[in-house]
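Undergrad: build the 3D model from these lines:
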Amino acid sequence: MKVTAMDVYKLLPQTNCEECGEASCMAFATKLSDKEIALEKCSELDEKQFAKLEKLIAPAVREIAIGTGNKVKTIGGDEVLYRYEESYYNQTLFAIDVPDTLSDEDFDNKVNIIENTEFERTGEILTLDGIALRNKSGNATKFAKAAKKLKNAKYPVILCSFDPIAMDAALKEIGDERPLIYAANENNLNEMADLAIKYDCPITAFAPGDLEKLKELVFNLRSLGIKDIVLDPGTFTGNGIGDTIDNFVMCKRLAIEENDEDFRFPIIGIPALSKLDNTDEDISKDIMEATYASILINKYADALIIEGSEIWEMIPILTLRQGIYTDPRKPQAVDPGYYPIGDVDENSPVILTTNFALTFYTVEGDLKSAKSSCYILVLDTVGKAVDVAIAGGQFDGKAVADLLKDHKIEDTIKTRKMVIPGLAASVSGEIEDETGWDVLVGPRDSSAAADFIIEKF
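TA: Predicted structure coming up:
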């Protein structure tokens, strides 16, 4: 059951001291239950009260921090199986595979690509999140040397080796930056556990295709006092992808529905395995890796290790992740008002659209690409697209007239012609009557908006 504000309030001091920055303890409890404030903000909690509240508000899946300082990434924290029940919070971490066998130049180039991969979508800059350093050489010295080069990397590191000697050598170089140890299995459990304790790093438990063995590994790690654990139930590509999905789903169900203490941890998947077992430069393998990554994002992966770093491969999975981790109860929206595009003046054309972020940034992108000079007039439709807003009554003549008045648009823009979306043709007359502007019904697709402006203005 979801923790309510009242559940939290009962365990608070109830002094309304306002030291947390909130007007009352109930206000603090409300924000705490909605994950909008940290428990540490309450300065009047004693150790026992703090522990009780921490346990109460702890998510079904433990949150694990990888990295330190300004490059820390948090995974886990899941409360529900389905997004319609509640928003997902900590995005799936994307780490790119970097083998320690690369030449210094190739190594630096690969890290540079990882750190500088980004693109903008609906006003948000989408980036990668981590570097998975793989001990491909099998040599502890090489592994440690490569790890040292990542000391000042932009993103946190996952150290990938089953050799405790190599892992120790790498941790001596960057153990203070809290990398994720990948991985402990039934053959190296005690040695890897000792390293996790020594360097205070999170550790991955690896038991491919065997959830009973995975549970045993986690139980042993927990028995040693290790709290920050990541689960790897195995990533089987090709014909084995169905088993992979089953195992991921079962791990998450055991955590959320069964409250099994040995499964209440984030899950990591390795889509890179679809390529690492093959040396052929076949573009279809890149496509399959992106496909496997997409499947696992949809099926509860909290972190993924990917081999490819080409932007065309990253765009679809970064976009998918953005969509999944957008709160469905809060549509992405931009502020209403007017936005200049290009070299504008008081007589520039005016293009009306909604404040649904995807609509706005699509229109903006099409106009900028065509080097148009105009104003985008943004109507507050509570984050709804054109056709949905018209059906819901947010896109009508009065709303547009209020927009012009509230933002004093007519003080800046002397144009009295407005281009409205083709989908809004049914309310064109109403907008004219309410605003007194001439209304032109534009194209249904914003890709044709620039040509429409040239033709009509």
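Undergrad: lowest-pLDDT helix or strand in the protein?
TA: helix 273-276 (a mean of 84; mean pLDDT, DSSP states H and E).
Undergrad: from the chain's centroid, how far away is the following helix or strand past that helix?
TA: Proceeding N to C from helix 273-276, the next assigned helix or strand is helix 283-298, under DSSP states H and E. Put simply, helix 283-298 sits 17 Å off its chain's centre (C-alpha atoms, centre = their mean, to the nearest Å).
Undergrad: report the buried residues of the least confident helix or strand of the chain.
TA: Residues Leu273, Ser274, Lys275, Leu276 are the ones in helix 273-276 that count as buried (16 or more other C-beta atoms under 10 Å). In this view, the C-beta of every residue, glycine as well, is placed from N, C-alpha and C.
Undergrad: now the residue sitting nearest the centre point of the chain: closest residue in space, sequence neighbours ignored.
TA: Nearest residue to the geometric centre of the chain (C-alpha atoms, centre = their mean): Gln91, 3.3 Å. Spatial nearest neighbour of Gln91, chain neighbours left out: Tyr325 (4.7 Å); criterion: C-beta to C-beta, 6 or more residues apart in numbering.
Undergrad: wait, the one you found sits on Asp78?
TA: No - using C-beta atoms under 8 Å, Tyr325 makes no contact with Asp78, being 11.4 Å away.
Undergrad: contacting residues for Asp163?
TA: The neighbours of Asp163, taking C-beta atoms under 8 Å, 6 or more residues apart in numbering as the test, are Asn135, Gly138, Ala140, Asn188.
Undergrad: now rank those by neighbours and give me the top one.
TA: Asn135 (25 neighbours; other C-beta atoms under 10 Å).
Undergrad: I'd guess Phe452 is in a helix, am I close?
TA: Yes - according to DSSP: H, G, I helix; E, B strand; the rest coil, Phe452 belongs to a helix.
Undergrad: and for it, the neighbour number?
TA: When neighbours are counted by other C-beta under 10 Å, Phe452 registers 19.
Undergrad: identify, from the buried residues of helix 273-276, the entry nearest to Pro421.
TA: Ser274 (42.1 Å; C-beta to C-beta).
Undergrad: from Leu211, how far off is that closest one?
TA: Remark: distance between Ser274 and Leu211 (C-beta to C-beta, to the nearest Å) = 22 Å.
Undergrad: pLDDT score for the closest residue to His407 other than its chain neighbours?
TA: Spatial nearest neighbour of His407, excluding adjacent residues (C-beta to C-beta, 6+ apart): Gly337 at 5.0 Å. The score at Gly337 is 94. That number is its pLDDT.
Undergrad: what residues are bridge-paired with Gly337?
TA: Val378 (DSSP bridges).
Undergrad: quick one: common contacting residues for Tyr325 and Asp78?
TA: Tyr88, Tyr89.
Undergrad: so which of the two has more stuff around it?
TA: Asp78 (23 against 15).
Undergrad: wait, is that one part of a strand?
TA: No - Asp78: not assigned to a strand; according to three-state DSSP it is coil.
Undergrad: and it, what does it touch?
TA: By C-beta under 8 Å, 6+ apart, the contact set of Asp78 is Pro59, Ala60, Val61, Tyr88, Tyr89, Lys252, Ala255, Ile256, Tyr300, Asp302.
Undergrad: for it, grab phi and psi.
TA: Dihedral pair for Asp78: phi -70, psi 140, per degrees, to the nearest 10.
Undergrad: the one 3 residues further on now?
TA: Phi and psi for Leu81, reported as degrees, to the nearest 10, are phi -90, psi -30.
Undergrad: now do the contacts for Pro340.
TA: Contact analysis of Pro340 by C-beta under 8 Å, 6+ apart lists Ser348, Tyr375.
Undergrad: do the one 3 residues further on as well
TA: For Asp343, the contacting residues are Ser373, taking C-beta under 8 Å, 6+ apart as the criterion.
Undergrad: tell me if it really is in a helix.
TA: No - judged by three-state DSSP, Asp343 forms no part of a helix; its state is coil.
Undergrad: okay, now the unreliable bits of the protein?
TA: Low-confidence segments of the chain, defined by pLDDT under 70, span residues 1-2, 277-283, 328-331.
Undergrad: domains in it, as residue ranges please.
TA: 5-57, 64-324, 337-456 (automatic domain parsing).
Undergrad: what sits against Gly234?
TA: Phe206, Ala207, Pro208, Gly209, Asp210, Thr244, Asn247.
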